[in-house]
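Colleague: Coordinates for the following, if possible.
(one chain, ligands or ions: 2)
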Amino acid sequence: MLVLGIESSCDETGAALVDDAGGVRADVVQSQVDVHAPYGGVVPELASRDHLRNIEPVLRAALAQGGVSLRDVDGIAVTHRPGLVGALLVGVQAAKGLAWAAGKPIVGVDHLMGHLLAAFLRREGAACAAPRFPYVCLLASGGHTAIYRVDAPAADAVRELGATRDDAAGEAFDKVAKLLGLGYPGGPVVDRLAAAGDASRVRLSAPMASSESAEMSFSGIKTQVGRLVRQEGVRTEADVADVCAAFQAAVTGVLARKTIAAALREGVADVVLGGGVAANRELRRRMTDLAASRGLRVSIPPVASCTDNAAMIAYAGAMRLARGERDGWDLSATSRTALERRTRKGGGRR
Ligand code: KG4
Ligand code: ZN
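Modeller: Ligands and ions are numbered 1, 2, ... in the order given. This next block holds a predicted model:
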């Protein structure tokens, strides 16, 4: 089965062709980073307009890369939640138009399901060991951060074990980078600068660090960095690198320890990483080391499968299509995920 996937939930326009064994035949991602960079974050209205401009060329490029025409695909999968509604609508309407014109089935995909199943993608020259069900997956991106138990490749077989009470991990990377004047998006820059820094020269700690709970909090550490910048000054390049290193060590330490602890509590043998923050080299290293020390198998997808892409959407859609699921022309975009949410936002006992 060959599925055309379409992604437009945030600031990447993507189209991909993936088969139901996870083989990636084409994957095209047009990033909007340059559009939003001057504003220090994603501007929803500009995102929608740029998706409109990019969607057709991106779709054509994916079909050309795969060497197929629309006739050759068995179904169309499109991200329809969660995300910016105006951005999602561009992908949903394009998918409906193509499905109607070519007489193909259409399925909506929850973007988070895409991240949770991205470890099954097989790209030429880059694939990770496919996980076995059930597994525990850390999903850390710019908009969401949670630890899930995944029993099967279906949204109703996913249980949230704990999530952030406030900022997502990627959001914390982006905000800290902004405070340090490093531009947007912050994750990749902080990752690069941290490699040259000395974490022990700065005292930073992530709140809710106890591994007994899978709930997390990342807004406090951003506030700590803000205070450092205001009160002590972070002047030299070396100072900036040290703050990046300390921040990254604190955040990745909490993420890795809580994920491994959750996997041990659940009694699963496999641990998976997903979402843009899974591109972080320190997080990848910590997860690999910690999993090995506790006898767990770990699947860490190549970076192209961690950051937003349409291949993961096509694969998650292929799983729905394979079960005979179909959506109708009333498929609509919505800002919220369909996955169960247990963690209460905001305060409460920590
Ligand atoms: O999954 P993603 O591409 O988009 C969302 O669904 O949010 O994740 C984007 C997030 C951004 O916050 C970005 O700063 C972060 O992932 N990110 C990283 C790295 N690369 C991207 N964070 C830490 N280290 C990285 N190397
Ligand atoms: Zn994402």
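Colleague: where does the stretch 251-350 of the chain have low pLDDT?
Modeller: Counting by pLDDT under 70, the stretch 251-350 of the chain contains low-confidence ranges at 347-350.
Colleague: And for the chain?
Modeller: Residue ranges of the chain with pLDDT under 70: 347-350.
Colleague: mind listing what's buried in the helix ranked longest in it?
Modeller: Using DSSP state H to define each element, the chain has its longest helix at helix 237-266. Of the residues in helix 237-266, 239-263, 266 count as buried by neighbour count, 16 or more other Cβ atoms under 10 Å. Heads up, the C-betas are built off the backbone N, CA and C, glycines and all.
Colleague: same question, stretch 85-92
Modeller: Of the residues in stretch 85-92, those scored as buried under the neighbour-count criterion (16+ other Cβ under 10 Å) are Val85, Gly86, Ala87, Leu88, Leu89, Val90, Gly91, Val92.
Colleague: same deal with stretch 99-107?
Modeller: For stretch 99-107, the neighbour count (16+ other Cβ under 10 Å) marks Ala99, Lys104, Pro105, Ile106, Val107 as buried.
Colleague: same question, stretch 22-31
Modeller: The neighbour-count check on stretch 22-31 (16+ other Cβ under 10 Å) flags Gly22, Gly23, Val24, Arg25, Ala26, Asp27, Val28, Val29, Gln30, Ser31 as buried.
Colleague: Return the subset of those lying in strands.
Modeller: Taking DSSP state E as the definition of strands, those contribute Val24, Arg25, Ala26, Asp27, Val28, Val29, Gln30, Ser31.
Colleague: Starting from the helix or strand following the longest helix of the chain, tell me which strands it pairs with and how they run.
Modeller: Moving toward the C-terminus from helix 237-266, the first helix or strand encountered (DSSP states H and E) is strand 270-274. Strand pairing for strand 270-274, using DSSP bridges, gives strand 135-140 (parallel), strand 297-299 (parallel).
Colleague: which residues in the chain form helices?
Modeller: With DSSP H, the ranges of helices along the chain come out as 33-36, 44-66, 85-102, 111-117, 169-179, 186-194, 219-227, 237-266, 281-293, 303-306, 311-322.
Colleague: so can I have TSV of the ones you listed showing distance to Gly125?
Modeller: As requested, the helices of the chain are arranged in TSV below (distance: least, Cβ to Cβ, whole Å):
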stretch	distance to Gly125
helix 33-36	25
helix 44-66	15
helix 85-102	28
helix 111-117	20
helix 169-179	26
helix 186-194	22
helix 219-227	36
helix 237-266	26
helix 281-293	18
helix 303-306	11
helix 311-322	14
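Colleague: still on that earlier bit, quick check: of the buried residues of stretch 99-107, which lies closest to ligand 1?
Modeller: Closest to ligand 1 out of the buried residues of stretch 99-107 is Val107 (19.6 Å), distances taken as Cβ to the nearest ligand atom.
Colleague: what's the burial count for Arg342?
Modeller: Using other Cβ atoms under 10 Å as the criterion, Arg342 is surrounded by 12 other residues.
Colleague: check contacts around it.
Modeller: Glu160, Gly162, Ala163 (Cβ atoms under 8 Å, 6 or more residues apart in numbering).
Colleague: Around ligand 1, pick out the residues from the protein.
Modeller: Contact residues (Cβ under 6 Å from any ligand atom) of the chain with ligand 1: 10, 141-143, 170, 173-174, 185-188, 191, 275-277, 279-280, 307-308.
Colleague: what subset of those is also close to ligand 2?
Modeller: With Cβ under 5 Å from the ion as the criterion, the residues of the chain next to ligand 1 include Ser141, Asp308 near ligand 2.
Colleague: just the buried members of the residues of the chain next to ligand 1?
Modeller: Buried residues within the residues of the chain next to ligand 1, defined by neighbour count using 16+ other Cβ under 10 Å: 10, 141-143, 170, 173-174, 185-188, 191, 275-277, 279-280, 307-308.
Colleague: Just the ones in strands from the buried residues of stretch 99-107, please.
Modeller: Ile106, Val107.
Colleague: Check the buried residues of stretch 99-107 and tell me the two furthest apart.
Modeller: Lys104 and Val107 (10.3 Å; Cβ to Cβ).
Colleague: Can you pull the residues that touch both of those two?
Modeller: Common neighbours of Lys104 and Val107, counting by Cβ under 8 Å, 6+ apart, are Gly75, Ile76.
Colleague: ok, and the closest non-adjacent residue to the spatially most central residue of the chain?
Modeller: Nearest to the geometric centre of the chain sits Gly275, at 2.3 Å (Cα atoms, centre = their mean). Of all residues beyond its chain neighbours, the one nearest Gly275 is Ser141 (3.5 Å), with distances taken as Cβ to Cβ, 6 or more residues apart in numbering.
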